[in-house]
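[1] Attaching a predicted model along with its sequence, questions to come.
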Amino acid sequence: MEQLVICKRCGSNACLEQQISEEVTTQFCMGCGFTTSTLMTEGSDVVKSALDTSPELYKDLMHKDTQGNIWMPSTITLPNKGMVFVDGTNKGSWEWQLLKLFLYRKETRRCLTIRLIRWI
């Protein structure tokens, strides 16, 4: 089941909630770009794994809501299009970035060029 709910992190009304199973519900906010699930609670294996593999900035931006769920910035990858991710130096200085892929053909060979564009 999918529905739009109010984001418990930013208050946006554009938070997609999906019930994956009886025990697991995920939320992805299109307002703030953060995500959580019922598995993402303080001290859980999911959060420990995220802490072990995430950049320091993502760790700094983690947010615990009133229900105890941990929210983290999303990284979205669109095959053959690019990706959206958080970039910055610290919690006070960050922004969303778009990494857009461009494919160029020169005669018989292909060349892949990557360009970083600021999210505005």
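    In hand now; what should we look at?

[2] which residues does Met83 bridge with?
    Beta-bridge pairing for Met83 (DSSP bridges): Thr77, Leu99.

[3] residues contacting it?
    By C-beta atoms under 8 Å, 6 or more residues apart in numbering, the contact set of Met83 is 75-77, 98-99. All C-beta spots, glycine's among them, are computed from the backbone N, C-alpha and C.

[4] do the same with Met40
    46-47, 50, 69-72.

[5] would JSON lines of those residues with secondary structure be doable?
    Compiled in JSON lines, the contacts of Met40 are given as follows (DSSP: H, G, I helix; E, B strand; the rest coil):
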{"residue": "Val46", "secondary structure": "helix"}
{"residue": "Val47", "secondary structure": "helix"}
{"residue": "Ala50", "secondary structure": "helix"}
{"residue": "Asn69", "secondary structure": "strand"}
{"residue": "Ile70", "secondary structure": "strand"}
{"residue": "Trp71", "secondary structure": "strand"}
{"residue": "Met72", "secondary structure": "strand"}
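
[6] Mind checking which of the contacts of Met83 are buried?
    Leu98 (16 or more other C-beta atoms under 10 Å).

[7] ok, back up a step: which one of the contacts of Met40 is nearest Phe28?
    Trp71 (10.1 Å; C-beta to C-beta).

[8] Dig out what the closest one forms beta bridges with.
    His63.

[9] residue nearest the centroid of the chain?
    Closest to where the C-alpha atoms of the chain average out (C-alpha atoms, centre = their mean) is Ser74, at 0.3 Å.

[10] The residue nearest to Met1 when sequence neighbours are not counted: neighbour count?
    The shortest distance from Met1 to any non-neighbouring residue, by C-beta to C-beta, 6 or more residues apart in numbering, is to Gln19 (4.7 Å). Around Gln19 there are 13 other residues, counting by other C-beta atoms under 10 Å.
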